[in-house]
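J.: Predicted model, plus sequence, below.
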Amino acid sequence: MTATSRGPLIRRIALGAVGVGLIVATFVYFLPTIANYGEVWEVVKGLSWPWICALLAATVLNLVTFAPPWMIVLPGLSTYQVVSADTLILTRDAVTRLEELYAG
């Protein structure tokens, strides 16, 4: 592997590490400041099977209907790229809103 071919690999690894770091920070620090995992888990445990299925169906529907418009507007984008970008955008927006909330 030459120095020029290692550059994109190192960049990909670094971006992946930043992404994982943001996700960990969101679930370990930011979300617990606004919601208690224990309380949420109690609500989830209290859901009936029809409500669990409805929640899963809504999640799948959200993922399935999000990608096609972006794939039409930006030809060549794969479903994975769109969903990955959506995850990063949502994470960025959540962090921004939390910063605004705690900044006063």
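T.: Arrived safely, thanks for sending. Numbering: from 1, shown residues only.
J.: per-residue confidence at Pro50?
T.: Looking at Pro50, its pLDDT is 93.
J.: To clarify, my last question referred to Ser5.
T.: 69.
J.: Give me the contact list for the helix or strand of the chain with the lowest mean pLDDT.
T.: Least confident helix or strand of the chain, by mean pLDDT, DSSP states H and E, is helix 79-103 with a mean of 74. With Cβ atoms under 8 Å, 6 or more residues apart in numbering as the test, helix 79-103 has contacts from 19, 22-23, 25-26, 30, 33-34, 63, 66-67, 70-71. Just so you know, the C-beta spots here come from the backbone N, C-alpha and C atoms, and that holds for glycine as well.
J.: three-state assignment of Pro75?
T.: coil (DSSP: H, G, I helix; E, B strand; the rest coil).
J.: Can you list phi and psi of it for me?
T.: phi -60, psi 140 (degrees, to the nearest 10).
J.: Check what pLDDT it gets.
T.: 85.
J.: ok, so what distance separates it from Val95?
T.: 30 Å (Cβ to Cβ, to the nearest Å).
J.: hmm, back to that, which of the contacts of helix 79-103 sit farthest apart?
T.: Spanning the widest gap among those are Thr33 and Met71, at 35.4 Å by Cβ to Cβ.
J.: Of the two, give the one with the bigger neighbour count.
T.: In this view Thr33 and Met71 are compared by other Cβ atoms under 10 Å, and Met71 has more residues nearby, 15 against 10.
J.: Read off the pLDDT value for Leu38.
T.: Rather than Leu, residue 38 is Gly. 86.
J.: Ile10 now?
T.: For Ile10, the predicted pLDDT is 86.
J.: so how many other residues sit close to it?
T.: 9.
J.: What residues does it make contact with?
T.: No contacts exist for Ile10 under Cβ under 8 Å, 6+ apart.
J.: So it versus Gly19, what's the distance?
T.: Relative to Gly19, and taking Cβ to Cβ, Ile10 is found at 15 Å.
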